[in-house]
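> I need the structure of the sequence given here:
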Amino acid sequence: MRITIFLFFTLLCQLRGSAQVPTWSEDIACIAFTHCAPCHHEGGAGHFELTTYANAYYWREEMRAATQARFMPPWPPDPAYRSLAHERTLTQNEIDLIAAWVEGGSPQGPIASTPPPPVFSNDAVIADPDITATMEEYVVPPSTSDNYRTFVIPIDNPADGFITGVEVIPGNDRIVHHVLVFQDTTGEARALDDADIEPGYASFGGIGVNSAKLIGIWVPGADPVFTPPGMGIKLLANADLVIQVHYPSTGVSEADQTQVRLQLSTAGSMREIAIDPILEHFWTLTNGPLIIPPNEVRSFHSQFTVPLPGTITAIGPHSHLLGKSMRAYAVLPEGDTIPLIDIPNWDFRWQGLYNFKRPIFLPVGTVLHGEATYDNTSANLDNPNSPPAWVALGEATTDEMMLFYFAYTYGFPSDTNLVVDGSTHAPHYLDCAPTTQVGLNEHGPIALLRAWPSPATDRLFVECEQAQGVLLMRDLSGRTVLQERTSGAITALNVADLARGTYVLQLFSPFTVPRPMKLILE
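Down below sits the predicted model:
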């Protein structure tokens with residue numbers, strides 16, 4: 001069958017003229033204090049501080065590189081596939097401002113215009129919790145590898161209850177990378193803890209207790225998690241609270257005493273939210289078993305048909321070191337597709353449970369789909385084996401997993417009216433706002449972004465006069481299908497492997513401002 005690519009629209013590339021250079025005090029401080037400083041402050045999880053002009057000036061090249069690559073702030077899901085609650089992302093203008101500031105010499109600007117630097121503390125958001133659970137102090141030893149340690153914290157809960165808020169407060173946020181929170185009613189985790197002379201016990205992947213229930217995840221920069229009104233996570237009577245803490249490799253000994261605070265419901269009736277891997281690597285896998293041969297990149301698919309009306313409030317993909325990408329979506333009975341999450345560049349070190357901005361209702365017959373790709377070649381720098389070896393399902397460091405956790409409950413169509421996060425962008429610190437709009441008000445001549453032939457069958461040629469940047473081709477769901485750097489010369493894109501359909505071509509560049517225009521085909 002002939003594969004045909006249609007351009008949906010072209011873009012104009014507007015070249016900046018002598019635009020105003022952003023300054024630290026009037027532009028960059030607002031961005032840094034809002035999006036960077038929550039981790040990059042003294043004692044924070046970031047490796048350096050970004051709370052003063054001197055700090056930012058010293059690390060200016062790293063700031064530009066990390067934000068241009070969208071590596072920082074850390075937010076693995078692709079917002080173009082689905083926008084999720086409490087996203088830690090920068091706008092394109094914020095990214096461009098940082099680049100323009102660095103390219104313009106990184107001026108400080110008028111000191112009086114600088115917002116007061118934020119002050120960070122371990123003060124809890126849930127100030128009056130129903131349950132406060134603090135782990136025994138653990139001294140993390142120097143290590144050249146990551147340390148995954150599980151701690152059992154007995155709590156006083158003689159009767160079943162419903163958790164409506166979970167807050168994790170790291171005891172030492174310089175060394176705590178992420179925390180998984182479970183409940184265990186079997187006593188198995190306590191037995192594993194008792195068998196280890198040190199506080200807690202070593203674990204990787206899970207906590208070594210198959211029946212333990214996940215109730216929360218914390219990563220740097222994350223806010224406490226609260227359930228939607230009328231819903232709660234059931235806390236079983238006499239359960240132990242169990243936390244797995246990831247400590248990255250460190251050259252010195254440091255102590256940690258992480259705390260978990262739980263808010264319980266006082267309502268008479270609640271809908272129970274469960275957190276389970278509905279899409280997993282055994283029963284729902286359609287092309288298993290989960291085995292990745294050496295020197296191969298292999299993809300797997302899982303699916304599950306919803307048997308009862310359901311509402312999902314959050315999703316959390318999980319795999320290990322060979323993971324390359326993970327994506328999930330739902331297909332409704334009438335055939336419509338609902339994007340759920342897409343992590344195009346999987347990183348085991350950055351994973352979490354991601355809340356939807358509004359709960360999603362799934363009628364009976366909805367089919368959930370999960371896709372994951374694994375890279376078991378030497379090109380994968382995280383590959384635990386050198387040379388690459390056979391890898392199969394398991395919880396060890398050298399094994400692999402494919403899980404999509406869902407927070408779900410019995411559902412009603414009206415659940416979609418509940419708003420978890422109505423913002424389009426994280427609120428700025430002290431309501432500050434950059435004063436410079438890079439490239440929007442001052443620009444020079446216009447150059448046309450051209451693409452030909454259209455329709456195309458195997459190669460698409462693209463040219464934007466006098467511009468450099470990254471070309472992105474997206475399908476109509478917003479998913480990026482091709483990415484290529486361009487220097488302004490003619491760039492050839494290989495489109496032979498793309499499905500027949502309509503695509504959007506965009507150019508992103510610190511020297512351009514894209515604007516949609518009418519269809520132009522050559």
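
> what's the following helix or strand after the lengthiest helix in the chain?
With secondary structure taken from DSSP state H, the chain has its longest helix at helix 92-103. Sequence order places strand 131-134 as the next helix or strand after helix 92-103, per DSSP states H and E.

> following element in sequence after that next one, please.
Where DSSP H and E defines the elements, the next helix or strand beyond strand 131-134 is strand 138-140.

> check which residues of that next one are buried.
Using 16 or more other C-beta atoms under 10 Å as the test for burial, strand 138-140 gives Tyr138, Val140. Where you see a C-beta, it was placed from the backbone N, CA and C, and this is true even at glycine.

> that one pairs with which strands?
Strand 138-140 has its sheet partners listed here by DSSP bridges as strand 254-256 (antiparallel).

> contacts for the strand it pairs with?
135, 137-140, 170-172, 174-176, 245, 247 (C-beta atoms under 8 Å, 6 or more residues apart in numbering).

> at 10 Å instead, please
Strand 254-256 has contacts (C-beta atoms under 10 Å, 6 or more residues apart in numbering) with 135, 137-142, 149, 151, 170-176, 199, 245, 247.

> filter those residues down to the buried ones, ChimeraX style.
Restricted to buried positions by 16+ other C-beta under 10 Å, the ChimeraX selection for the contacts of strand 254-256 reads:
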select :135,138,140,149,151,170,171,172,173,175,176,199,245,247
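
> what about Arg349, neighbour count?
14 (other C-beta atoms under 10 Å).

> which non-adjacent residue is nearest it?
For Arg349, ignoring the flanking residues on the chain, the nearest one in space by C-beta to C-beta, 6 or more residues apart in numbering is His177 at 6.7 Å.

> please report phi then psi for the one you found.
Backbone torsions for His177, taken as degrees, to the nearest 10, come to phi -90, psi -50.

> that one against Asp146, yeah?
Yes. Judged on C-beta atoms under 10 Å, His177 makes contact with Asp146 at a distance of 7.9 Å.

> what segments of this structure are helices?
29-31, 53-58, 60-68, 92-103, 188-194.

> contact partners for the nearest residue to Phe120 once chain neighbours are set aside?
Spatial nearest neighbour of Phe120, chain neighbours left out: His41 (5.0 Å); criterion: C-beta to C-beta, 6+ apart. His41 sits next to Phe33, Phe48, Glu49, Leu50, Thr51, Asn55, Pro117, Pro118, Val119, Phe120, Asp173 when contact means C-beta under 10 Å, 6+ apart.

> could you redo the last one with a cut-off of 8 Å?
Glu49, Leu50, Thr51, Pro118, Phe120 are the contacts of His41 under C-beta under 8 Å, 6+ apart.

> also Thr366?
Thr366 sits next to Thr305, Val306, Gly310, Ala330, Val331, Leu332, Pro333 when contact means C-beta under 8 Å, 6+ apart.

> just those residues now: which is nearest Leu235?
For those, the closest approach to Leu235 (C-beta to C-beta) belongs to Gly310, at 21.4 Å.

> please name the bridge partners of that closest one.
Leu362, Tyr410.

> what about stretch 473-484, start to end distance?
9 Å (C-alpha to C-alpha, to the nearest Å).

> how about stretch 39-46?
End-to-end distance for stretch 39-46: 5 Å, by C-alpha to C-alpha.

> show me the domain layout of the protein.
As assigned by automatic domain parsing, the chain contains the domains 5-16+442-516, 24-120, 131-269, 275-417.

> got the ones you listed as JSON lines, with mean pLDDT and distance to His428 columns?
Shown next, in JSON lines, are those (pLDDT from 0 to 100; distance: least, C-beta to C-beta, whole Å):
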{"stretch": "domain 5-16+442-516", "mean pLDDT": "60", "distance to His428": "22"}
{"stretch": "domain 24-120", "mean pLDDT": "93", "distance to His428": "5"}
{"stretch": "domain 131-269", "mean pLDDT": "91", "distance to His428": "15"}
{"stretch": "domain 275-417", "mean pLDDT": "95", "distance to His428": "19"}
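
> among the ones you listed, which is nearest Ala426?
domain 24-120 (6.4 Å).

> run the chain-centre distance for that closest one.
How far domain 24-120 lies from its chain's middle: 17 Å, per C-alpha atoms, centre = their mean, to the nearest Å.

> cool, and stretch 331-342?
That offset, for stretch 331-342, works out to 20 Å (C-alpha atoms, centre = their mean).

> give me the residues contacting it.
By C-beta under 8 Å, 6+ apart, stretch 331-342 touches 77-78, 81-82, 84, 312, 315, 317, 325-330, 354, 360, 362-369, 477-479.

> please enumerate the strands of the stretch 201-350 of the chain.
201-202, 213-218, 225-226, 231-235, 240-247, 254-256, 259-264, 271-279, 291-292, 296-305, 310-318, 323-331, 337-343 (DSSP state E, counting those that start in this stretch).

> of all the ones you listed, which lies closest to Leu381?
strand 323-331 (11.7 Å).

> strands paired with that closest one, and their directions?
For strand 323-331, using DSSP bridges, the partner strands are strand 337-343 (antiparallel), strand 367-376 (antiparallel).

> for the contacts of His41, which one is nearest Leu192?
Closest to Leu192 out of the contacts of His41 is Phe120 (34.5 Å), distances taken as C-beta to C-beta.

> and the closest one, how far from Leu50?
12 Å (C-beta to C-beta, to the nearest Å).

> for Ala212, same thing?
Plainly put, Ala212 is 38 Å away from Leu50 if you go by C-beta to C-beta.

> and those two? Which one has more around it.
Taking neighbours as other C-beta under 10 Å, Ala212 and Leu50 compare with Leu50 leading, 26 against 22.

> what are the phi and psi values at the residue lying closest to the more buried one once chain neighbours are set aside?
Using C-beta to C-beta, 6+ apart and skipping the chain neighbours, the partner closest in space to Leu50 is His40 (4.1 Å). The phi/psi pair for His40 (degrees, to the nearest 10) reads phi -90, psi 70.

> spit out the contact partners of His40.
Here His40 is in contact with Ala32, Gly46, His47, Phe48, Glu49, Leu50, Thr51, Asn55 (C-beta under 8 Å, 6+ apart).

> can you tell me how far the closest residue to Leu192 other than its chain neighbours sits from Leu403?
In this structure, Leu192 finds its nearest non-sequential neighbour in Tyr201, 4.8 Å apart by C-beta to C-beta, 6+ apart. Distance of Tyr201 to Leu403, given as C-beta to C-beta: 22 Å.

> looks like the residue nearest to Arg349 contacts Cys39 (just checking).
No. Judged on C-beta atoms under 8 Å, His177 makes no contact with Cys39 at a distance of 10.9 Å.

> identify the contacts common to the two.
If you check His177 and Cys39 against C-beta under 8 Å, 6+ apart, the residues they both contact are Ala45, Pro220.

> can you pull the residues that touch both of Phe120 and Leu50?
Each of Ala37, His41 lies in contact with both Phe120 and Leu50 under the rule C-beta under 8 Å, 6+ apart.
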